[in-house]
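# predicted coordinates and the sequence they were generated for:
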Amino acid sequence: MRRTELPRLVEVLKAPLRRFVRESRVRIVVLVNGAGQVLAQHGFTRSYEVMNVASLAAATHASSRKLAELTGAGSWQHMYHGGTQQQLFMAPLRTPVEELILVAIIDAESSLGIVRLFYDSLEKEVASLPEFAVVPEGTAQADFERDLEAGLEFIPPDAASED
């Protein structure tokens, strides 16, 4: 994703993410692309936390996709880790152009079932956005480093804090 495209994508993802946060009742969520660029986020208190989660999500996504291919599963569906206070849900969000990665932290206000239900709605909504219908010209694997740099320079504001 080119540096010039990030603000536009961040803008169009605000409403779907805001709706997902409200309906699923998650407290912390981030939506990133495969290069680890943060496209939308809610609930983080420090920018370095957002970037840590984004880079770990991109790495986990790449390794999970490869493991799914190696085992003949084709693609991975989602990951879930339960904790005593919080739980983690991570899933590929498929669009016609690329797979994005959703990471949500679930606490006592929500549940895995509710998050999965509204994740499906979020995936359909994002996949139908015109911005994710056409591959931008010049998109190539060689652009990964440039995209990563752009992501480090631009962290979108909390989706729920702006109206």
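Great, that's in hand.
# can you give me the helices in the chain?
6-24, 47-70, 112-127, 144-153 (DSSP state H).
# make TSV out of the ones you listed and add mean pLDDT and mean neighbour count.
For the C-beta atoms, the positions are set from N, CA and C on the backbone; glycine is no exception. Putting those into TSV (pLDDT from 0 to 100; neighbours: other C-beta atoms under 10 Å) gives the following:
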stretch	mean pLDDT	mean neighbour count
helix 6-24	92	18
helix 47-70	87	16
helix 112-127	94	17
helix 144-153	53	15
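# turn those helices into JSON lines, columns for distance to Ala40.
Formatted as JSON lines, the helices of the chain follow (distance: least, C-beta to C-beta, whole Å):
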{"stretch": "helix 6-24", "distance to Ala40": "4"}
{"stretch": "helix 47-70", "distance to Ala40": "10"}
{"stretch": "helix 112-127", "distance to Ala40": "9"}
{"stretch": "helix 144-153", "distance to Ala40": "12"}
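# tell me which of the ones you listed lies nearest to Gly34.
Proximity to Gly34 (C-beta to C-beta) singles out helix 47-70 among these, at 5.9 Å.
# just the C-alphas of the closest one, formatted as PDB.
The C-alpha coordinates for helix 47-70 follow below in PDB (Å, rounded to 0.1, in the frame of the first residue of the first chain):
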ATOM      1  CA  SER A  47       1.800   4.000  19.600                       C
ATOM      2  CA  TYR A  48       4.600   1.500  20.200                       C
ATOM      3  CA  GLU A  49       2.000  -1.100  21.500                       C
ATOM      4  CA  VAL A  50       0.100  -0.700  18.200                       C
ATOM      5  CA  MET A  51       3.300  -1.200  16.200                       C
ATOM      6  CA  ASN A  52       4.300  -4.200  18.200                       C
ATOM      7  CA  VAL A  53       1.000  -5.900  17.800                       C
ATOM      8  CA  ALA A  54       0.900  -5.000  14.000                       C
ATOM      9  CA  SER A  55       4.400  -6.500  13.300                       C
ATOM     10  CA  LEU A  56       3.600  -9.600  15.400                       C
ATOM     11  CA  ALA A  57       0.200 -10.000  13.600                       C
ATOM     12  CA  ALA A  58       1.900  -9.700  10.100                       C
ATOM     13  CA  ALA A  59       4.500 -12.300  11.100                       C
ATOM     14  CA  THR A  60       1.900 -14.700  12.600                       C
ATOM     15  CA  HIS A  61      -0.300 -14.300   9.500                       C
ATOM     16  CA  ALA A  62       2.500 -15.200   7.100                       C
ATOM     17  CA  SER A  63       3.600 -18.200   9.100                       C
ATOM     18  CA  SER A  64       0.000 -19.400   9.600                       C
ATOM     19  CA  ARG A  65      -0.700 -19.100   5.900                       C
ATOM     20  CA  LYS A  66       2.400 -21.100   5.100                       C
ATOM     21  CA  LEU A  67       1.600 -23.800   7.700                       C
ATOM     22  CA  ALA A  68      -2.000 -24.100   6.300                       C
ATOM     23  CA  GLU A  69      -0.500 -24.600   2.800                       C
ATOM     24  CA  LEU A  70       2.000 -27.200   4.000                       C
END
